[in-house]
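Visitor: Quick one, structure for this:
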Amino acid sequence: MGLPGLNGRQVAEAGRALQPSLKVLFMTGYAENAALASGFLERGMAMITKPFAMESLADKIREVIDAS
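Guide: Numbers count the residues shown, from 1 in each chain. Here you go, the predicted model:
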């Protein structure tokens, strides 16, 4: 979620400014509870924490795509 000059949330917000229905999957190495504090995720957003198995990533992507 941390990138040079921008963080993942800022990139997601920029994308949603152009495409409001954009679904977002964040990947983080931080503890999920810390990353989810303060209502970080909005509707259409999800998070997966590292490390994860490729099957878990595929499942999470499918979950995000299928969510209304």
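Visitor: where in the chain is pLDDT low?
Guide: The model of the chain has pLDDT under 70 over residues 1-3, 31-39, 68.
Visitor: Dig out what the most centrally placed residue in it forms beta bridges with.
Guide: When Cα atoms, centre = their mean is applied to the chain, the residue found nearest the centroid is F26 (2.3 Å). With DSSP bridges applied, F26 shows beta-bridge pairing to M47.
Visitor: Verify the contact between it and I48 for me.
Guide: Yes - in this structure, F26 is within contact of I48 by Cβ atoms under 8 Å, at 7.4 Å. Heads up, the C-betas are built off the backbone N, CA and C, glycines and all.
Visitor: buried sites along the longest helix seen in the chain?
Guide: Longest helix of the chain, by residue count under DSSP state H: helix 54-66. Buried residues in helix 54-66, counted by 16 or more other Cβ atoms under 10 Å: K60, V64.
Visitor: Repeat that for stretch 11-24.
Guide: Those would be A12, R16, K23, V24, for stretch 11-24 by 16+ other Cβ under 10 Å.
Visitor: ok, so of those, who is nearest R62?
Guide: K23 (11.4 Å; Cβ to Cβ).
Visitor: what residues are up against the closest one?
Guide: Residues in contact with K23 (Cβ atoms under 8 Å, 6 or more residues apart in numbering) are G44, M45, A46, V64, I65, A67.
Visitor: same thing but at 10 Å, please
Guide: A12, G15, R16, R43, G44, M45, A46, I61, V64, I65, D66, A67 (Cβ atoms under 10 Å, 6 or more residues apart in numbering).
Visitor: wait, which of those is closest to L6?
Guide: A12 (9.9 Å).
Visitor: tell me which element the closest one is part of?
Guide: In the assignment (DSSP states H and E), A12 maps to helix 8-18.
Visitor: quick one on the thing from earlier: as TSV, the buried residues of stretch 11-24 with distance to P4 would be great.
Guide: Output for these, formatted as TSV (distance: Cβ to Cβ, whole Å):
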residue	distance to P4
A12	16
R16	21
K23	24
V24	19
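Visitor: Does the most far-flung residue of the chain relative to its centre belong to a helix, a strand or coil?
Guide: When distances are taken from the C-alpha mean of the chain, G5 lies farthest, 18.1 Å away, according to Cα atoms, centre = their mean. Of the three states, G5 takes coil according to DSSP: H, G, I helix; E, B strand; the rest coil.
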